[in-house]
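> Sequence and predicted structure, then a few things I'm wondering about:
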Amino acid sequence: MHGYEMMQELAERTQGLWRPSPGSLYPALQLLEDQGLVRSESADGRRQFTLTDEGRAELKARPRPSAPWETMVHQADQGDMALRAALHHVAVAVHQVAEAGTDEQKARADALLKELRRQMYLLLAETLAPQGEAPAEGTPLA
């Protein structure tokens, strides 16, 4: 793989929890190459990295019960994960409205998103109200 493919793959495997930047990935790959654990080759103007025999032997010598990205996803707050997934689905829908919607649909989508943002802040405001007090007027109860 080349570096950007690795960044995309890690983002997918961690369900968006970890998206390494080029500034963190490429120095790590260079270090691994300096240690002889990976090698790089230019193909179509891109550097592609491959695990060497020494790299495979190092992996075999250090077995793990699971891949680091599996551990990261398993240990993540499931509520956070659900919100991330929901936000992703909303973003896809918004993108489709932006690409294919009529002017009226785009205006309605804009109004819906503004209302959603307002409702999110009201939701947070509920947790800020002292115990026993009713939520502020206009705060949704469900």
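Sure, I can see it. Numbering: from 1, shown residues only.
> Tell me the secondary structure at Ser40.
strand (DSSP: H, G, I helix; E, B strand; the rest coil).
> Tell me if I'm right that it and Gln48 touch.
Yes: the pair Ser40 and Gln48 passes the contact test of Cβ atoms under 8 Å, sitting 6.7 Å apart. To be clear about C-beta, it is placed using only N, CA and C from the backbone, and glycine gets the same treatment.
> name the helices or strands packed onto the helix or strand of the chain with the lowest mean pLDDT?
Counting by mean pLDDT, DSSP states H and E, the weakest-scoring helix or strand in the chain turns out to be helix 68-75, with a mean of 85. Applying 3 or more Cβ pairs under 8 Å, 6 or more residues apart in numbering; DSSP states H and E, we find helix 68-75 packed against helix 3-13.
> Please identify the buried residues of the very next helix or strand once past the helix it packs on?
Sequence order places helix 22-34 as the next helix or strand after helix 3-13, per DSSP states H and E. For helix 22-34, a neighbour-count test (16 or more other Cβ atoms under 10 Å) marks Leu25, Tyr26, Leu29, Leu32, Glu33 as buried.
> quick one: contacts of helix 22-34?
Applying Cβ atoms under 8 Å, 6 or more residues apart in numbering, the external contacts of helix 22-34 come out as Gly3, Tyr4, Met6, Met7, Val38, Arg39, Ser40, Phe49, Gly55.
> Pull it out as PDB, backbone CA atoms only.
Written as PDB, here are the backbone C-alpha positions of helix 22-34 (Å, rounded to 0.1, in the frame of the first residue of the first chain):
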ATOM      1  CA  PRO A  22       0.800  12.200   6.800                       C
ATOM      2  CA  GLY A  23       3.000  13.900   9.400                       C
ATOM      3  CA  SER A  24       2.600  11.000  11.800                       C
ATOM      4  CA  LEU A  25       2.500   8.100   9.300                       C
ATOM      5  CA  TYR A  26       5.400   8.800   7.000                       C
ATOM      6  CA  PRO A  27       8.000   9.300   9.800                       C
ATOM      7  CA  ALA A  28       6.800   6.000  11.300                       C
ATOM      8  CA  LEU A  29       7.100   4.200   7.900                       C
ATOM      9  CA  GLN A  30      10.600   5.700   7.500                       C
ATOM     10  CA  LEU A  31      11.600   4.400  10.900                       C
ATOM     11  CA  LEU A  32      10.300   1.000  10.000                       C
ATOM     12  CA  GLU A  33      12.200   1.100   6.700                       C
ATOM     13  CA  ASP A  34      15.400   2.200   8.500                       C
END
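> Alright, that wraps it up for me.
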